[in-house]
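A.B. asks: Compute the structure for the input listed below.
(one chain, ligands or ions: 1)
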Amino acid sequence: MWTATVFTLFPEMFPGPLGVSLAGEGLSRDIWSMEARDIRAHGIGRHRAVDDTPAGGGPGMVIRADVLSASLDAGLDRADSRPRLLLSARGTPFTQARARALASGQGVVLICGRFEGVDERIIAARGLEEISIGDYVLSGGEIAAMAICDACIRLLPGVMGAEASGVEESFEAGLLEYPHFTRPRAWEGHEIPEVLLSGDHAKIKAWREAEALRITRERRPDLLKRR
Ligand code: SAH
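C.D. replies: As a prediction, the model looks like this:
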């Protein structure tokens, strides 16, 4: 079963929003599973301290390497070959292609930072890969971990009703998606484009391709260059 193991200071956040709708149904049907491990269980002393001040000074706190390694070593099997992703604003950008690759594997290990982040030494010592969900700073890795899980889970066989609706979407062909319409045919004076009501499937396909290209050119010319 595809399994996400999440290391976090806030295990009560999981599965959270992944427990409802399509992902939630997949969870109760055992298509995927999730375990949230509390890093604080390996904290130091009576107060279970997990962080300390940054070497060299400066604001904030840093999650200790010894605490995080103890948590990872206790929670992961040596033979576990799932990718170990450290959520990080400095990481490699997460993409739809990566979601597909992760969804086709055994699952994923996600390590959520908090405060200023984690002691740098843990990254190489435990084979972590830094991954980012975008160019902005979150207060913790948990919401980023959920975003990554959500993007993977919807691709698992059996999670989405119509299997086909996974392959025509934004990014799958290196383009943004064409616009959608549904009833009523006229709404506040706006009509559904005539071609979509024509029943001519070749014409509809051509219109959708042209729209996808137009929208991508307008909004994300970088995607066209990469294509
Ligand atoms: N000092 C760090 C930000 C720390 S934010 C910096 O300047 O890069 C606290 C935690 O939130 C991080 O350790 C990371 O786990 C998570 N986080 C913040 N932004 C993120 C992003 N864009 N993608 C993934 N995780 C992020």
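A.B. asks: where do the strands sit along the chain?
C.D. replies: Using DSSP state E, the strands assigned to the chain run over residues 2-8, 32-38, 51-52, 62-63, 84-93, 107-111, 129-132, 186-187, 190-191.
A.B. asks: Show me what from the protein comes close to the ligand.
C.D. replies: By Cβ under 6 Å from any ligand atom, the part of the chain that sits against the ligand consists of 87-90, 112-114, 116-117, 132-134, 136-138, 140-141, 144. For the C-beta atoms, the positions are set from N, CA and C on the backbone; glycine is no exception.
A.B. asks: which among those residues end up buried?
C.D. replies: Applying a neighbour-count criterion of 16 or more other Cβ atoms under 10 Å, the buried members of these are 87-89, 112-114, 117, 132-133, 138, 140-141, 144.
A.B. asks: Now tabulate the residues you listed in a markdown table and tack on distance to residue 29 and pLDDT.
C.D. replies: Formatted as a markdown table, these follow (distance: Cβ to Cβ, whole Å; pLDDT from 0 to 100):
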| residue | distance to residue 29 | pLDDT |
| --- | --- | --- |
| 87 | 27 | 99 |
| 88 | 32 | 98 |
| 89 | 34 | 98 |
| 112 | 26 | 99 |
| 113 | 32 | 98 |
| 114 | 32 | 98 |
| 117 | 36 | 98 |
| 132 | 31 | 99 |
| 133 | 27 | 98 |
| 138 | 30 | 98 |
| 140 | 29 | 98 |
| 141 | 27 | 98 |
| 144 | 26 | 99 |
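A.B. asks: Domain parsing of the chain, as residue ranges.
C.D. replies: Using automatic domain parsing, the domain parsing of the chain gives 2-153, 168-226.
A.B. asks: which of those sits most buried?
C.D. replies: Of all the domains of the chain, domain 2-153 carries the top mean neighbour count, a mean of 17, counting by mean count of other Cβ atoms under 10 Å.
A.B. asks: Just the terminal-to-terminal distance for stretch 117-137.
C.D. replies: Distance across stretch 117-137, first residue to last, is 11 Å (Cα to Cα, to the nearest Å).
A.B. asks: Looking at this protein, which helix is longest?
C.D. replies: Scanning the chain for the longest helix, with DSSP state H as the assignment, gives helix 201-219.
A.B. asks: which other residues reach that helix?
C.D. replies: Contact partners of helix 201-219, identified using Cβ atoms under 8 Å, 6 or more residues apart in numbering, comprise 173, 175-179, 193, 195-196, 198, 223-224.
A.B. asks: Let me have those residues in a markdown table, adding distance to residue 2 and pLDDT as columns.
C.D. replies: Shown next, in a markdown table, are those (distance: Cβ to Cβ, whole Å; pLDDT from 0 to 100):
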| residue | distance to residue 2 | pLDDT |
| --- | --- | --- |
| 173 | 25 | 86 |
| 175 | 28 | 96 |
| 176 | 28 | 97 |
| 177 | 25 | 96 |
| 178 | 30 | 97 |
| 179 | 32 | 98 |
| 193 | 39 | 98 |
| 195 | 40 | 98 |
| 196 | 36 | 98 |
| 198 | 41 | 98 |
| 223 | 28 | 96 |
| 224 | 33 | 96 |
